[in-house]
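*Asks:* okay, sequence plus prediction incoming.
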Amino acid sequence: MKKITVISGKGGTGKTTVVANLSYLFNDLVLADCDVDAPNLHLLLNPKNEESKVFKSNKLAVKDQSKCIDCGICYDVCRFNAVDPISYDIDSYKCEGCGVCVAMCPEDALSLKLLDTGMIYNSTTRFGPMVHANLKIGSDNSGKLVSEVREKATKKAEQLNKEVVLIDGSPGIGCPVISSITGVDLVLFVTEPSKSGFSDLKRVAQVIKHFNIPALAVINKYDINEKISEKIEEYLINEEIELVGKISFSSDIVDYLRNAELIVEKDKDNKVSQEIKSIWKKVDKRLQKLN
Amino acid sequence: MKITVLSGKGGTGKTTVSVNLALSLDNVQLLDADVEEPNSQYFLHPNFDKEESIYRKIPKIDQEKCTSCRKCVDFCEYNALAMMIDEVLVFPEICHSCGGCKLICPENAITETDRELGVLKHATNKYNVDFWQGELNIGEESSVPVIEALKKKADPNKDIIIDAQPGTTCPTIEAVVDSDYGILVTEPTPFGLSDLKLAAELMDELKIPYGVIINRAEEDSNYIIEEFCNENDIDILLKIPFKRKYAKLYSEGIPFVLKEKELKNDLQKVFRQIGSVVNEENHSN
Amino acid sequence: MKIAVTAENNNGYESEVNTHFGRAPYFAIVDTKTDKIDLIKNEAANASGGAGVSAAQLIADRGVEVLISGSVGPKAYKALTSGNIEMYIINHGTVREAVENFQKGNLSQLTSPNGTPRK
């Protein structure tokens, strides 16, 4: 079984669209949506939900008002400005669950409680099982929920003897993206030829680099700016990241997306479909070669 | 007035809106609070002239004073301390800088040292926009202190536009929490709608007034967003049309308003509309 | 000598090995003098951060001198090295096989972190 994570650094480069179209081409696989901040893959694949579970991992300070004597020590010791200077109420968005106020409260009025972080779903799509999740608004995305999604998908693949786990990775360069590539066999970057897209590619590639995972790349909408596309190609060669294909800028791909349809399925002869298919072949070949 | 531009997911045009709005106004300051990927700079051609480091505190153990009582290790919620053969090890990457171990140590064996978390950069540019950006160091996890420090650069004599990190987690909240108004940027696709709902839910919870800008708008698909906004009584401030020309300008880092006067007028109108909403809000409070 | 093996389940010597040190569900701790085996639950597997460090602490506190696992991240590696715990690599099989292979000298020693950190 091989695991591949698709990431982009910057949002809006077409990462999820590429994942959805690749899943049609792989046809028999396990999917994981690790973009738990703004999960979108389910919008394209319309999965049937089989099981949902509350996920808890964030701790938060909770006050027992009946024990509080308004001494204000919690306010003094909190470094996250999570204690209101007048009411001494805890701001749940700012609290990091460090427990300093709990330890320092002379009246035992504070305690740390585990809170709901989000929901995690086991579903099925027409291409195979899919694990996805969503984070509760204002929750800290520590990467734990991302790890959980990735691991559940891996277990599913082991149980069902599936060859491929395709992971829609997390955005950014922080902990979630690292969690989404942990233990995977291959990373696929989806980038776009804009100054910001290129800059974000470089930042996230730097993060991925020291994990020693082989990486491939796709330039989406490459013909929007062929000059920057060329620069990206040069960069990829220097970084030993194999360019597995370029996708043309096309409103067709967006039109299919709007109807929650996959261009590779509905319009096989479309130029974009051909491009994605060729990318899939190269990715698949690379996966076969890994061992 | 302080306006934050945000979106449920990245790549919808948040930076496009922030930069173009800033360039359409006078006496304005732009703060790029998307500290994991500060991208406004690519449109402003900034000359960075000032840089400040943002530090956080990391414990340092005085092994002479330490009696290996383990209280600090047991206390740390983040497992950033370990006791190996009577010696306390510190793992700075996972430390959240809460200062608890220092407070808890009965022997006063813990002091703190600074570790750079990120930087703030100020830039001048030919557009006369007072510009600051925050940048999180690679490998660091906590954006919030960088955003907090960045917001302290806000000039009270100017209108402030903040480009927030996409999403609905702590860094986005930190950017928007004390703003007068939020501009939610979205696009007319199922993805755009799904992410807009998350951002709107966040703004409702924070009780900050907000409106929507539809980027990459297209006549025959705007209904995806419009239906939701109508049902929930959310103002649609502007529609920026889907044009290949815009995609090209974006890729080259050229702000659209430099090439299209009409968009500049539209954004000025949006700004006035926001002004009256904020005014009304202030009077009713 | 005490040897810790990261385990997938709680099934004595027949437990399957798990290859991720910090997030392994169980640690099988084998005392080679008595052949006694103890399976302890890895509480750190559910920690929201620093699982590797916490797991290293857990086995160090049990007096373990050798760890057999698949991958160890940089922070756990630092902790284990400081605790004078040697690390050896295994990718599949049972706890029994892992211990036997170690005793026959068939396992290679880990001299640098080979796992990706999970916060």
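*Replies:* Perfect, I can see it now. Numbers count the residues shown, from 1 in each chain, chains lettered A, B, ... in the order given.
*Asks:* CA atoms for contacts and neighbours, from now on please.
*Replies:* Will do.
*Asks:* how close does whichever residue of the stretch 51-200 of chain B sits closest to chain A get to B:Lys14?
*Replies:* The minimum distance from the stretch 51-200 of chain B to chain A, using Cα to the nearest Cα, falls at B:Thr169 (4.5 Å). Using Cα to Cα, to the nearest Å, we find B:Thr169 at a distance of 16 Å from B:Lys14.
*Asks:* compare neighbour counts for these two and give me the winner.
*Replies:* B:Lys14 (27 against 20; other Cα atoms under 10 Å in any protein chain shown).
*Asks:* surely that one touches B:Asn20?
*Replies:* No - B:Lys14 is not in contact with B:Asn20 according to Cα atoms under 8 Å; the separation is 10.0 Å.
*Asks:* and the nearest residue to A:Leu186 once chain neighbours are set aside, what are its bridge partners?
*Replies:* Using Cα to Cα, 6 or more residues apart in numbering or on different chains and skipping residues adjacent in sequence, the residue nearest A:Leu186 is A:Ile4, 4.7 Å away. Here A:Ile4 sits in beta bridges with A:Leu166, A:Leu186, going by DSSP bridges.
*Asks:* gap between A:Ile4 and A:Val165?
*Replies:* With Cα to Cα as the criterion, A:Ile4 and A:Val165 are 6 Å apart.
*Asks:* show me what contacts the residue of the stretch 101-250 of chain A at minimum distance from chain B?
*Replies:* Using Cα to the nearest Cα, the closest approach of the stretch 101-250 of chain A to chain B is made by A:Ser194 at 3.6 Å. Counting by Cα atoms under 8 Å, 6 or more residues apart in numbering or on different chains, A:Ser194 touches A:225, A:228, B:250-253.
*Asks:* mind redoing it with 6 Å?
*Replies:* Going by Cα atoms under 6 Å, 6 or more residues apart in numbering or on different chains, A:Ser194 touches B:Ser251.
*Asks:* in which helix or strand does residue 52 reside?
*Replies:* No chain was given, so I picked chain A. strand A:48-63 (DSSP states H and E).
*Asks:* wrong one, I was asking about chain B
*Replies:* Judged by DSSP H and E, B:Glu52 forms part of strand B:47-61.
*Asks:* give me the contacts around that strand.
*Replies:* Taking Cα under 6 Å, 6+ apart as the rule, strand B:47-61 contacts B:97, B:109-124.
*Asks:* cool, and stretch C:68-75?
*Replies:* C:5-6, C:19-21, C:87-91, C:113-117.
*Asks:* ok, 8 Å please
*Replies:* Stretch C:68-75 is contacted from outside by B:91, C:3-6, C:17-22, C:52-53, C:87-91, C:98, C:112-118, using Cα under 8 Å, 6+ apart.
*Asks:* same check, this time on stretch C:37-53
*Replies:* By Cα under 8 Å, 6+ apart, stretch C:37-53 touches A:57-58, A:142-144, B:78-82, B:94, C:10, C:12-13, C:21-31, C:54-55, C:72-73, C:75-76, C:79, C:117-119.
*Asks:* now swap in stretch B:150-159 and tell me
*Replies:* For stretch B:150-159, contacts defined as Cα under 8 Å, 6+ apart pick out B:1-2, B:27-29, B:31, B:33, B:120, B:132-134, B:160, B:175.
*Asks:* same deal with stretch A:228-238?
*Replies:* Taking Cα under 8 Å, 6+ apart as the rule, stretch A:228-238 contacts A:192-195, A:198, A:217, A:219, A:222-223, A:242-243.
*Asks:* can you pick the most crowded of these?
*Replies:* Neighbour counts for these, by other Cα under 10 Å, peak at A:Glu192, which reaches 30 neighbours.
*Asks:* quick check: that one touching A:Phe198?
*Replies:* Yes - counting by Cα under 8 Å, A:Phe198 is a contact partner of A:Glu192 at 6.9 Å.
*Asks:* end to end, how far does stretch A:68-76 reach?
*Replies:* Using Cα to Cα, the end-to-end distance of stretch A:68-76 comes to 15 Å.
*Asks:* and that stretch, how far from the chain's centre?
*Replies:* Distance of stretch A:68-76 from the chain centroid (Cα atoms, centre = their mean, to the nearest Å) equals 39 Å.
*Asks:* tell me the mean pLDDT for it?
*Replies:* Here stretch A:68-76 scores 97 as its mean pLDDT.
*Asks:* what are the buried residues along it?
*Replies:* A:68, A:72, A:74-75 (16 or more other Cα atoms under 10 Å in any protein chain shown).
*Asks:* nearest residue to B:Cys98 other than its sequence neighbours?
*Replies:* That would be A:Arg79: by Cα to Cα, 6+ apart, it lies 5.9 Å from B:Cys98.
*Asks:* does the one you found fall in a helix, a strand, or a coil region?
*Replies:* With DSSP: H, G, I helix; E, B strand; the rest coil as the basis, A:Arg79 sits in coil.
*Asks:* hey, what's B:Asn215 bridged with?
*Replies:* With DSSP bridges as the rule, B:Asn215 is bridged to B:Ile240.
*Asks:* restricting to C-alpha, output the longest helix seen in chain C in PDB.
*Replies:* Longest helix in chain C by number of residues (criterion: DSSP state H): helix C:51-61. Taking C-alpha atoms only, helix C:51-61 is exported to PDB below (Å, rounded to 0.1, in the frame of the first residue of the first chain):
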ATOM      1  CA  ALA C  51       3.900  12.500  21.700                       C
ATOM      2  CA  GLY C  52       7.400  11.300  20.900                       C
ATOM      3  CA  VAL C  53       8.900  13.100  23.900                       C
ATOM      4  CA  SER C  54       6.200  11.800  26.200                       C
ATOM      5  CA  ALA C  55       6.600   8.300  25.000                       C
ATOM      6  CA  ALA C  56      10.400   8.500  25.500                       C
ATOM      7  CA  GLN C  57       9.700   9.600  29.100                       C
ATOM      8  CA  LEU C  58       7.300   6.700  29.600                       C
ATOM      9  CA  ILE C  59       9.800   4.000  28.600                       C
ATOM     10  CA  ALA C  60      12.700   5.700  30.300                       C
ATOM     11  CA  ASP C  61      10.800   5.700  33.600                       C
END
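*Asks:* the helix or strand that comes right after it pairs with which strands?
*Replies:* Using DSSP H and E, the next helix or strand after helix C:51-61 towards the C-terminus is strand C:66-69. As defined by DSSP bridges, the strand partners of strand C:66-69 come to strand C:2-7 (parallel), strand C:86-89 (parallel).
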